[in-house]
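Asker: here is the input, now give the coordinates:
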Amino acid sequence: MPEHKLTRATIIDTAIDLADEAGLDALSMRRIAERLGVGAMSLYRHVGNKDELLAAMTDEVSRRNPYPDAAGTSWTWRDRVRIAAEIDWALYQRHPWVILAFATPRYSFGPAGLACLAWLVEGFRELDLTPREAMQMSFSVWNYISGATLPQISSALVTRKSIEADATNGLRALLVGEPMWTPPPALTDLVGAGVSELTSEELLYAGLATLCDGIEARIRSRTPLLESDLPT
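Answerer: As a prediction, the model looks like this:
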């Protein structure tokens with residue numbers, strides 16, 4: 001690519017493709033430049049440094065995967081939570097690295113990220129919460145979604161393999177009745193209890209329903225939110 005045609009958008013797109021292929025730890029300005037067929041120093045005319053690039057990549061992925069416009073719908077706050085989970089689950093399958101970028105404050109909450117947060121906050125406001133309380137609930141939902149998704153995409157993050165179904169491990173062996181080791185006393189009754197037939201995605205939604213029940217119960221009891229509970 002001629003350097004005079006190099007753009008910030010092209011650099012970000014190429015960086016996203018490389019991160020999808022090999023993960024964040026394999027991403028470098030040199031590799032991006034090689035993929036584009038330009039000198040590495042030419043990238044710095046458009047992107048100040050790698051941190052700035054990662055923030056831009058993260059916000060671009062958010063921009064490409066927006067939460068849908070709620071105008072004209074009758075969605076409840078629970079509907080929004082479910083929709084957010086569906087979109088984020090699919091996003092993490094396509095871009096496993098972004099779950100780590102979202103967890104890093106300096107890479108999060110560009111314009112597109114803030115728009116996603118506002119969308120969830122708007123939903124929680126129907127519970128008569130303050131904006132700050134609604135923000136805290138939104139973070140609780142996002143933390144659960146990312147935590148529930150992480151085991152599903154861990155192979156892509158750790159070994160660069162494609163995303164696979166759950167593999168055999170100590171807990172699975174225990175549940176199917178073939179423990180690898182003598183189980184702790186508190187787990188003895190689980191030997192041979194059987195593995196859940198729910199998929200990882202179905203377990204995500206089941207857990208979110210429980211979380212939403214807890215949010216609703218907390219609101220009904222009007223337990224005050226403490227400043228220490230809120231994200232900084």
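Asker: next secondary structure after the worst-scoring helix or strand of the chain on mean pLDDT?
Answerer: Ranked by mean pLDDT, DSSP states H and E, the helix or strand of the chain with the weakest confidence is helix 170-175, at a mean of 82. Using DSSP states H and E, the helix or strand that follows helix 170-175 in sequence is helix 200-221.
Asker: list the buried residues in that next one.
Answerer: Within helix 200-221, the residues that qualify as buried are 201, 204-205, 208, 211-212, 215, counting by 16 or more other C-beta atoms under 10 Å. Bear in mind the C-beta positions are built from the backbone N, C-alpha and C, glycine included.
Asker: repeat for stretch 138-148
Answerer: Buried residues in stretch 138-148 (16+ other C-beta under 10 Å): 138, 140-142, 144-146, 148.
Asker: reformat those residues as TSV; add distance to Asp20 and secondary structure.
Answerer: Shown next, in TSV, are those (distance: C-beta to C-beta, whole Å; DSSP: H, G, I helix; E, B strand; the rest coil):
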residue	distance to Asp20	secondary structure
Ser138	26	helix
Ser140	28	helix
Val141	25	helix
Trp142	21	helix
Tyr144	24	helix
Ile145	20	helix
Ser146	18	helix
Ala148	21	helix
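Asker: and the one helix or strand Ser62 maps to, what other elements does it pack with?
Answerer: Take DSSP H and E as the rule and Ser62 turns out to sit in helix 50-64. Applying 3 or more C-beta pairs under 8 Å, 6 or more residues apart in numbering; DSSP states H and E, we find helix 50-64 packed against helix 8-22, helix 98-102, helix 111-124.
Asker: may I see the buried residues of the helix or strand hosting Ile83?
Answerer: In this assignment (DSSP H and E), Ile83 forms part of helix 77-94. Judged by neighbour count using 16+ other C-beta under 10 Å, the buried positions of helix 77-94 are 77-78, 80-85, 87-89, 91-92.
Asker: out of these, which one sits closest to Gly37?
Answerer: Leu91 (29.4 Å; C-beta to C-beta).
Asker: was I right about that closest one contacting Tyr67?
Answerer: No. Applying C-beta atoms under 8 Å as the test, Leu91 and Tyr67 come out as separate, 10.9 Å apart.
Asker: follow-up on the earlier one: for the buried residues of stretch 138-148, give me JSON lines that also has distance to Leu127 and pLDDT.
Answerer: Putting those into JSON lines (distance: C-beta to C-beta, whole Å; pLDDT from 0 to 100) gives the following:
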{"residue": "Ser138", "distance to Leu127": "12", "pLDDT": "96"}
{"residue": "Ser140", "distance to Leu127": "13", "pLDDT": "95"}
{"residue": "Val141", "distance to Leu127": "13", "pLDDT": "96"}
{"residue": "Trp142", "distance to Leu127": "17", "pLDDT": "96"}
{"residue": "Tyr144", "distance to Leu127": "17", "pLDDT": "96"}
{"residue": "Ile145", "distance to Leu127": "19", "pLDDT": "96"}
{"residue": "Ser146", "distance to Leu127": "22", "pLDDT": "95"}
{"residue": "Ala148", "distance to Leu127": "22", "pLDDT": "93"}
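Asker: contacting residues around Asp79?
Answerer: By C-beta atoms under 8 Å, 6 or more residues apart in numbering, Asp79 lies in contact with 73, 123.
Asker: so what pLDDT did it get?
Answerer: Looking at Asp79, its pLDDT is 97.
Asker: roughly how far apart are it and Ala55?
Answerer: 30 Å (C-beta to C-beta, to the nearest Å).
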